[in-house]
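> coordinates for the following, if possible.
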Amino acid sequence: MYEYYLTIVLAPLAAAIIAGLAGKQIGRAGAHWVTIIGVGISCALSFLVLKNMFWGGAAPENISVYTWAATDGLHMEVGFLVDRLTALMMCVVTFVSLMVHVYTIGYMHDDPGYQRFFSYISLFTFSMLMLVMSNNFLQLFFGWEAVGLVSYLLIGFWYKKETAIFANLKAFLVNRVGDFGFILGIAGVVMFTGSLDYATVFGQADSVAAQQIEVFSGNPWNAMTLICILLFIGAMGKSAQAPLHVWLPDSMEGPTPISALIHAATMVTAGIFMVARMSPLFELSTTALGFVIIIGSVTAFFMGLLGIVQNDIKRVVAYSTLSQLGYMTVALGASAYGAAIFHLMTHAFFKALLFLAAGSVIIAMHHEQDIRKMGGIRKYMPITYWTALVGSLALIGFPGSSGFFSKDLLIEAVKESHWHQGVTAGDQLTYWIAYLSVLLGVFVTALYSFRMFFLVFHGKERMDAETKSHLHETPAVVTVPLILLAIPSAVIGWFTVGPVLFGDYFGDAIHVSSAHDVLAHMGTTMWHGSAALVMHAVQTPVFWLAAGGVLTAWFLYLKRPDIPETIKNKVTGLYNLLDRKYYFDDLYIKGFAAGGRNFGKFLWQKGDELIIDGILVNGTANVVGRLAGVMRQIQTGYLYTYAFAMIIGLTMLLGWLIWLR
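A predicted model of the protein is given here:
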């Protein structure tokens, strides 16, 4: 399988290099064919690896490819850890990426940067594969930074747009904050274990958890708690958890295919995957888990509320991504790592579907993205309509959809997490707050999802006459990926929920202590098969909250569209709070960024110009110049002047010597 793993990683990289460096020679068709073939090979081999792992009983493999560097006993290697967690992530990344590649042919058809875009998205796939297949922290960090770099290039792909340049810079800087914590966490790992290799680090986890470190003198911290919190700060940046979430909505400035790739299968899922991979470490720190679940709870509920007031079709879907990432993070904090990864998988399919469906609408609407200027598109775009409906139902957790199995059971796992052995009253309160956050988030998710769905596809036609005259279904190169993504969005939960959540699918890939194993507890008390779960759905509050959200959206935006404007006018303060995104952008841009610029300006004026240039450099030059001017006055050229100076100097020297005696 060694050759398979190398091919899976290198095929997209080779395709990206060919499309990027030889784009003019191979042309547009050559660029999309070479990258689609490269990612297609990776996808086919990834499913073969999953087949061998799950059905063939193949053992996990930990392979060292080569040693990149070695210093003072620390080996920096490139290698692969391929277990069932890795295999699942490989399949999700490559399949969604393949659909995005095919879709891009239609979406970017007239773009002058066609070959460059295909090169970037293929490179993005390579970067994510390096991240999920790594067997050490060095390679993990390489993939981590590589997806950040390529996302910077893709968000700002239309580099002539000022908003796109602002958005990619914003994403880059915010992620640097998270990455600072991440690299400190890796440094802590090396400090206490002397290794970057996962297996070695996990083997020493208990000894690390028994040690302390003083971040501030006189205030010792548990070493494992500090390491896990620092690693999770990195995940907060990559997976856009509050307060490092602000870059993700602005990433919509990039072309729609990259919005789907970033939000569904690559960059934002990296943090969720990383915490699941580091479960042997996080399980040894209840403090770190509590920190994770609090951050996830805030993100899941409060970021979902922002989706209600958005009018850009892509930004509505973007805020749903923020909220769903919060759900996954809450599951990680509840030690339900399997539930988080399962929701990551199903979410990748239906979120990619929703983004690509939004892109299909944007194409048909001549790149209009305001949902207030749409309406009644259903009869013009039947394929986009039905696939968007499948994605929306999966997002709200409609019984039987993939999102139902993953999100409902995730919420149930958070509810049951109070069962954890040895938890304090404070921990139980945290779990209940988290449960209420994800439960109330169900209503919010249904409300903003179907607000968008109804405003776009139903109701009065609000587009202008010219747009309406050209409105029709998008070509097959766009709709076929929608159909192929709609299929797993609808059915994949039925036959995967059992082995992934309640079976032994992950094996040793994810470690959960027996005191925290809420999924095992649920498996013995409530799991009776997929059909029974669907039948039981109507008895749960999750179903009725979702139904209430859909009915509220129907009433407010189809039956009585005058009410939302009335509500907006009556609660202007609340609306402004949501519309201004809780003022986070103001805080960061007008506060931190402006403060940083002003501080830099002060240092430039007072430090560089006044002290360094004014005093040290120019001041020294001026003193030397003035001294030279004085010295020039005594350089007369007459011998008697020099003789007189020598006599005066000799007299002073003799006087000094006599005085010393």
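
> find the centremost residue of the protein, please.
When the chain is reduced to its mean C-alpha position, the nearest residue by Cα atoms, centre = their mean turns out to be Val268, at 2.3 Å.

> touching, that one and Gly237? I think so.
No - under the contact definition of Cβ atoms under 8 Å, Val268 does not touch Gly237, with a separation of 10.2 Å. Bear in mind the C-beta positions are built from the backbone N, C-alpha and C, glycine included.

> just to revisit the earlier point, tell me the spacing between the residue nearest to the centre of the chain and Tyr575.
With distances defined as Cβ to Cβ, to the nearest Å, the gap from Val268 to Tyr575 amounts to 27 Å.

> rewinding a little: show me what contacts the residue nearest to the centre of the chain?
Lys238, Ser239, Ala240, Leu248, Ile262, Thr321, Leu325 (Cβ atoms under 8 Å, 6 or more residues apart in numbering).

> from what I can see the fourth one touches Leu322, true?
I take that to be Leu248. Yes - taking contact to mean Cβ under 8 Å, the distance of 5.9 Å between Leu248 and Leu322 places them in contact.

> need the overlap of contacts for the two.
In the contact map built from Cβ under 8 Å, 6+ apart, the residues linked to both Leu248 and Leu322 are Ala240.

> can you give me the neighbour number for Val78?
Using other Cβ atoms under 10 Å, Val78 has 18 neighbouring residues.

> likewise Gly56?
Other residues within reach of Gly56 by the criterion other Cβ under 10 Å amount to 10.

> kindly report the same for His458.
Here the neighbour count serves as a burial measure; for His458 (other Cβ under 10 Å) it reads 17.

> how close does it sit to Arg372?
Note on His458: its distance to Arg372, by Cβ to Cβ, is 14 Å.

> what does Tyr638 give?
94 Å.

> and Thr496, by the same measure?
For Thr496, the distance to Arg372 equals 38 Å [Cβ to Cβ].

> which of these two has more neighbours?
Neighbours were tallied for Thr496 and for Arg372 using other Cβ under 10 Å; the higher tally belongs to Thr496 (21 against 9).

> which is the next helix or strand following the host helix or strand of the more buried one?
In this structure, Thr496 sits in helix 476-497 according to DSSP states H and E. Scanning the chain past helix 476-497 towards its C-terminal end, the next helix or strand to appear is helix 518-525 (assignment: DSSP H and E).

> just the C-alpha atoms of the helix or strand hosting Val624, please, in PDB.
In this structure, Val624 sits in helix 618-633 according to DSSP H and E. Coordinates of each C-alpha in helix 618-633 appear next as PDB, following Å, rounded to 0.1, in the frame of the first residue of the first chain:
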ATOM      1  CA  ASN A 618      21.900  62.200  11.500                       C
ATOM      2  CA  GLY A 619      22.900  63.500  14.900                       C
ATOM      3  CA  THR A 620      26.200  61.700  14.800                       C
ATOM      4  CA  ALA A 621      26.800  62.900  11.300                       C
ATOM      5  CA  ASN A 622      26.000  66.500  12.300                       C
ATOM      6  CA  VAL A 623      28.400  66.400  15.400                       C
ATOM      7  CA  VAL A 624      31.200  65.100  13.200                       C
ATOM      8  CA  GLY A 625      30.400  67.700  10.600                       C
ATOM      9  CA  ARG A 626      30.500  70.600  13.100                       C
ATOM     10  CA  LEU A 627      33.700  69.200  14.700                       C
ATOM     11  CA  ALA A 628      35.300  69.000  11.300                       C
ATOM     12  CA  GLY A 629      34.300  72.600  10.700                       C
ATOM     13  CA  VAL A 630      36.000  73.700  13.800                       C
ATOM     14  CA  MET A 631      39.100  71.700  13.000                       C
ATOM     15  CA  ARG A 632      39.300  73.200   9.500                       C
ATOM     16  CA  GLN A 633      39.600  76.700  11.100                       C
END
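
> what is the mean pLDDT for it?
Averaged across helix 618-633, the pLDDT comes to 79.

> distance from it to the middle of the chain?
60 Å (Cα atoms, centre = their mean, to the nearest Å).

> same thing with stretch 610-623?
Going by Cα atoms, centre = their mean, where stretch 610-623 is centred and where its chain is centred differ by 48 Å.

> show the end-to-end separation of it, please.
Looking at stretch 610-623, the gap from its leading to its trailing residue is 16 Å under the measure Cα to Cα, to the nearest Å.

> strands paired with the longest strand seen in the chain, and their directions?
In the chain, with assignment by DSSP state E, the single longest strand is strand 61-71. For strand 61-71, sheet partners with direction are given as strand 74-82 (antiparallel), following DSSP bridges.

> same question for the strand it pairs with, mean pLDDT?
Within the predicted structure, the mean pLDDT of strand 74-82 is 91.

> can I get that strand in PDB, CA atoms only?
Extracted in PDB, the C-alpha atoms of strand 74-82 (Å, rounded to 0.1, in the frame of the first residue of the first chain):
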ATOM      1  CA  LEU A  74      15.000  15.100  17.400                       C
ATOM      2  CA  HIS A  75      14.000  13.400  14.100                       C
ATOM      3  CA  MET A  76      11.900  15.500  11.600                       C
ATOM      4  CA  GLU A  77      10.300  13.000   9.200                       C
ATOM      5  CA  VAL A  78       7.900  12.800   6.400                       C
ATOM      6  CA  GLY A  79       5.600   9.800   6.900                       C
ATOM      7  CA  PHE A  80       2.100   8.500   6.700                       C
ATOM      8  CA  LEU A  81      -0.300   7.200   9.400                       C
ATOM      9  CA  VAL A  82      -3.100   5.500   7.600                       C
END
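
> having no further points to raise, I will conclude here.
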